[in-house]
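Colleague: the following comprises the amino acid sequence and a computationally predicted model.
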2 protein chains.
Amino acid sequence: MSVVPHIRDANQAYASTFANAGLAASPVRRFAVVTCMDARLDPAKFLGLEPGDANVIRNAGGLVTDDALRSLIISHWHLGTQEVVVVAHEGCGMLAFSNDDFRRTLQEQTGHDAGDIDFLAFDDLEAAVQASMKRVRECPFLPDSYGVTGFVYDVGTGAIRQVRD
Amino acid sequence: MSVVPHIRDANQAYASTFANAGLAASPVRRFAVVTCMDARLDPAKFLGLEPGDANVIRNAGGLVTDDALRSLIISHWHLGTQEVVVVAHEGCGMLAFSNDDFRRTLQEQTGHDAGDIDFLAFDDLEAAVQASMKRVRECPFLPDSYGVTGFVYDVGTGAIRQVRD
């Protein structure tokens, strides 16, 4: 059964008490977040974001991918953000498989060759955050002043800890 | 001034009352969301998501990009999602510029040539959602049964309306 009836009902309830009309598109706190798509993560809650505070970019792994950089460049030049917070998390699904194994599974299950897709699985959480931070720092389309800070979120406690580089 | 001290404090408060330990990584409601990074959007709220319910993918535009597909393929095969809800929104910043203009700005401001980056600006919101839905349907690494539904979120009212295709 599709989730659509549930989200329609939930959205109707949300809209009936909506109180955030008139917010500007430019984030009030002038920052962006890159974090994982994981269902257990609610970045608005664990980072204390109010509506209008920050751009939020999410993907499998919470990685600064090419597409996340596209979003960050737009976030800086069009929406005025001055820094990004990258948040990976303990127990990330990206630690649980390898590119080669996953491509083999896809070949077996779908009959199609996924050899040209890099699924970006990783085996070291802190190193993945550090690599993401490096990508931000080295991006020629973000100013040297664009800040970047890395964290790991603990899905067992809700706490973040900083990743040094 | 960096936002980091603010988010540290907010996270400390969050962790001190954390009550979601022990959730599984696989989304309980077995779906994924693709939506925009826009600061005004809180998909957990406007779609009625509880912690653990859904994978949430966000980027500039809420588009099913290559990276969003990477995330969706992982979401389906590793985390068991069976459908995706794509949510664009009125007043999206992606409607406000063109690729060419933005590349010119970047060249002028940074001295670097962004000619090989497609920033994926669009001028028709519904068509952008429809193109995203098509990408999901045509992806060889998602089963034909993988559901896709498109919506536009109204930042002025909090309501979503479905996009037909």
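Modeller: Sure, I can see it.
Colleague: show me where chain A has helices.
Modeller: For chain A, helices defined by DSSP state H occupy the ranges A:4-16, A:43-46, A:66-79, A:99-110, A:125-138.
Colleague: how many neighbours does A:Asp116 have?
Modeller: 6 (other CB atoms under 10 Å in any protein chain shown). For the C-beta atoms, the positions are set from N, CA and C on the backbone; glycine is no exception.
Colleague: distance of it relative to A:Arg103?
Modeller: 10 Å (CB to CB, to the nearest Å).
Colleague: I'd like to know which of the helices of chain A is closest to B:Ile160.
Modeller: Of all the helices of chain A, it is helix A:4-16 that lies closest to B:Ile160, at 4.9 Å by CB to CB.
Colleague: quick one: that closest one to chain centroid distance?
Modeller: 25 Å (CA atoms, centre = their mean, to the nearest Å).
Colleague: what does stretch A:14-24 give?
Modeller: 24 Å.
Colleague: would that stretch count as contacting chain B?
Modeller: Yes: Stretch A:14-24 comes into contact with chain B (CB under 8 Å from any CB of the partner chain), by way of A:14-15, A:18, A:20-23.
Colleague: now stretch A:112-126
Modeller: Yes: counting by CB under 8 Å from any CB, chain B is contacted by stretch A:112-126 at A:112, A:114, A:117-120.
Colleague: that stretch: end-to-end distance?
Modeller: Stretch A:112-126 stretches 33 Å from its first residue to its last (CA to CA, to the nearest Å).
Colleague: and what of stretch A:94-102?
Modeller: Where stretch A:94-102 begins and where it ends lie 11 Å apart, using CA to CA.
Colleague: equivalent analysis for stretch A:95-103, please.
Modeller: 15 Å.
Colleague: how about that stretch: buried residues?
Modeller: For stretch A:95-103, burial by neighbour count (16 or more other CB atoms under 10 Å in any protein chain shown) applies to A:97, A:102-103.
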